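K.L.:
The following block contains a protein sequence and its predicted model.
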Amino acid sequence: MNLSQYNPQELSAFYQECLKAYENYQAQNLKLDMSRGKPSPEQLDLSKDLLTCIRNEDLIGEGGDYRNYGLLDGIPEAKKLFAPMLGVEPDEMFMFGNASLQAMYMVITYAHTHGLLGCTPWKELEHVKFLCPVPGYDRHFKITEFFNIEMINIPTDENGPDMDLVEKLVSEDDSIKGIWCVPQYSNPSGIVYSDEVVTRFAKLQPKAKDFRIFWDNAYCIHHLCDNPKIVLPILQEAKKYQNEDLVYIFASTAKVTYAGAGVSMIAASRNNIADITKALTVFTISFDKINQMRHVKYFDGKLENIMAHMEKQRALIEPKFKIVLDTLNAEIRPLGIGEWTEPKGGYFVSFNAMPDCAKRIVELCKNAGVVLTGAGAAFPYGKDPEDRNIRIAPTYPDTTELQQAMDLFVLCVKLASAEKLLKK
């Protein structure tokens, strides 16, 4: 029965029962962390041969001697390996260091200090705004907040952002300079953008000449199902409308091989690549070419080998998502006190509690030994207007710890919900 249908006596008894169980958890002194979407040690172990797969003679490649200076934009072999993953050509790619977040920050910095493709630097403008589909990735929002860029929430559904609103805003306001997007298994909702949404993005006619779509395709190969839906390659779509300068694509192997030692990349039009190269020429001589070649050798230069590796990742991750979803379905669904996504890939489950309950749930979990991502983190400025959303990150704990954490989580959802209803 839905918890809201309990009479006062039933609700009070329910609350007291949950409180007693919660106090038992507090006595256990748990120390479990589900605050970030980190690969587990078992996932990282899958890539152990990455450390021994390369020989000295492998470091003389198509681009010359990779032990030396040069090749600012990355080695040809790495571009050929990763270009098909992003649906682009090798000369539309720029290889970075171990984190795609670094590449995103660099592009924003360049736009701020020097301007994109000859446009006015953002620092010289009175207002700069960014569109932010919500719930979204907290680190995206931290970048724009750091540069004092005003962020505007854009609602999303199972198909992606509200494109009617996106099209209206960007066509009317030239102070809107970009939008953050995670198109495949969005962080944290796990949605996959529909073909219609991608096409509408590719056809955008923004008022600002330097408006850019920041297309963070972090989870493009992180499938947890057979026959997954694949997002249309946006750069190819944009070319159909002579709009290829509209988009930057970002990706990395942070959750494919080693989170601390993967490779990252930007894909964009040749105009955009040439433009940001002007800044990067000053920034560095080159990124880690040996690590790029290490990845090429480990996967034998073939996307099919990357995909086979990701099936091994799936075998470790899929049971953990099952624990999360089975626990929510068994404990929360009958009570009608929450909603959640059931993603087919990616790293997160997005949970929506009753209004005004998310912060309390996170607090209760923390006080009993389970650390979650902060309530509101999936919204600009950390402000969830309804205080509902919590990001569940199941990958790092082992299955025993995860089940413990989820048992406590659903108990805290029950407690917070009962508290709210009792106060009415």
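P.N.:
Alright, I've got the coordinates.

K.L.:
so where's the longest strand in the chain?
P.N.:
Using DSSP state E, we find that the single longest strand of the chain is strand 150-157.

K.L.:
Point out the other helices and strands that that strand packs with.
P.N.:
Contact partners of strand 150-157 among helices and strands, from 3 or more CB pairs under 8 Å, 6 or more residues apart in numbering; DSSP states H and E: strand 129-134, helix 138-146, helix 163-172. Every residue, glycine included, has its C-beta placed from N, CA and C.

K.L.:
What pairs with the helix or strand following that strand, parallel or antiparallel?
P.N.:
Later in the chain than strand 150-157, the nearest helix or strand by DSSP states H and E is strand 160-161. If you go by DSSP bridges, strand 160-161 pairs up with strand 150-157 (antiparallel).

K.L.:
May I have the strand it pairs with exported as PDB, CA atoms only?
P.N.:
C-alpha atoms of strand 150-157 as PDB (Å, rounded to 0.1, in the frame of the first residue of the first chain):
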ATOM      1  CA  GLU A 150      25.100  31.900 -15.500                       C
ATOM      2  CA  MET A 151      23.600  28.400 -15.800                       C
ATOM      3  CA  ILE A 152      20.000  27.800 -16.900                       C
ATOM      4  CA  ASN A 153      18.200  24.600 -16.100                       C
ATOM      5  CA  ILE A 154      16.800  22.600 -19.000                       C
ATOM      6  CA  PRO A 155      14.300  19.800 -18.200                       C
ATOM      7  CA  THR A 156      14.900  16.400 -19.700                       C
ATOM      8  CA  ASP A 157      12.800  13.300 -20.300                       C
END
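
K.L.:
Please give the element, helix or strand, for residue 12.
P.N.:
helix 8-26.

K.L.:
what comes into contact with that helix?
P.N.:
3, 6, 364, 367-369, 408, 411-412, 414-415, 418-419, 421-422 (CB atoms under 8 Å, 6 or more residues apart in numbering).

K.L.:
So which of the residues you listed wins on neighbours?
P.N.:
Among the contacts of helix 8-26, residue 412 has the most neighbours (other CB atoms under 10 Å), with 27 neighbours.

K.L.:
can you give me the strands for the stretch 51-200 of the chain?
P.N.:
Assigned by DSSP state E, counting those that start in this stretch, the stretch 51-200 of the chain shows strands spanning 60-61, 64-65, 93-95, 129-134, 150-157, 160-161, 176-181.

K.L.:
Turn the ones you listed into JSON lines, columns for distance to residue 112, mean neighbour count and mean pLDDT.
P.N.:
Putting the strands of the stretch 51-200 of the chain into JSON lines (distance: least, CB to CB, whole Å; neighbours: other CB atoms under 10 Å; pLDDT from 0 to 100) gives the following:
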{"stretch": "strand 60-61", "distance to residue 112": "35", "mean neighbour count": "15", "mean pLDDT": "97"}
{"stretch": "strand 64-65", "distance to residue 112": "34", "mean neighbour count": "14", "mean pLDDT": "96"}
{"stretch": "strand 93-95", "distance to residue 112": "19", "mean neighbour count": "24", "mean pLDDT": "97"}
{"stretch": "strand 129-134", "distance to residue 112": "12", "mean neighbour count": "23", "mean pLDDT": "98"}
{"stretch": "strand 150-157", "distance to residue 112": "14", "mean neighbour count": "16", "mean pLDDT": "98"}
{"stretch": "strand 160-161", "distance to residue 112": "24", "mean neighbour count": "26", "mean pLDDT": "98"}
{"stretch": "strand 176-181", "distance to residue 112": "10", "mean neighbour count": "26", "mean pLDDT": "98"}
